[in-house]
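1. Here you go, sequence then predicted model.
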Amino acid sequence: MSHTFHGIIHGKTIELTEATPLPDGQEVAVTVTPTARKLPPGEGIRRTAGAWAEDGAELDRYLEWTRQQRKASRRRIDP
């Protein structure tokens with residue numbers, strides 16, 4: 001018999017959001033799968049930006065430098 005319950009992890013404790021039909025003290029096997037949750041606007045890119053999350057101007061300079069390096073190393077195409 002298998003059930004799916006949702007909960008929130010607090011350190012080594014998982015707090016379930018609903019009651020279970022199992023008796024207190026019942027031993028169980030747990031498989032943890034993170035659920036998708038909606039992030040506030042801009043939070044996803046902030047989390048993936050790493051060190052540049054708080055320094056957009058430096059990121060812009062780096063991206064422009066990268067564009068210029070790519071242009072310089074391209075082969076010229078004559079029509």
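-> Structure's in. What do you need?
2. Of all the residues in the least confident helix or strand in the chain by mean pLDDT, which ones are buried?
-> The weakest-scoring helix or strand in the chain, judged by mean pLDDT, DSSP states H and E, is helix 43-48 (a mean of 80). For helix 43-48, the neighbour count (16 or more other CB atoms under 10 Å) marks no residue as buried. For the C-beta atoms, the positions are set from N, CA and C on the backbone; glycine is no exception.
3. Extract the C-alpha set from it and format it as PDB.
-> Provided in PDB are the C-alpha atoms of helix 43-48 (Å, rounded to 0.1, in the frame of the first residue of the first chain):
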ATOM      1  CA  GLU A  43      14.100  35.100  -8.500                       C
ATOM      2  CA  GLY A  44      14.900  32.300 -10.900                       C
ATOM      3  CA  ILE A  45      17.500  34.400 -12.800                       C
ATOM      4  CA  ARG A  46      18.900  35.800  -9.500                       C
ATOM      5  CA  ARG A  47      19.500  32.200  -8.300                       C
ATOM      6  CA  THR A  48      21.200  31.100 -11.500                       C
END
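4. for that helix, packing partners?
-> Helices and strands touching helix 43-48, as assessed by 3 or more CB pairs under 8 Å, 6 or more residues apart in numbering; DSSP states H and E, are absent.
5. need the next SSE after that helix, C-terminal direction.
-> Counting by DSSP states H and E, the next helix or strand C-terminal to helix 43-48 is helix 56-72.
6. how distant is that next one from the center of its chain?
-> On the basis of CA atoms, centre = their mean, to the nearest Å, helix 56-72 sits 25 Å off its chain's mean C-alpha point.
7. Mean confidence (pLDDT) on it, please.
-> Average pLDDT, helix 56-72: 88.
8. Name the SS class of residue 9, please.
-> The three-state assignment at residue 9 reads strand, by DSSP: H, G, I helix; E, B strand; the rest coil.
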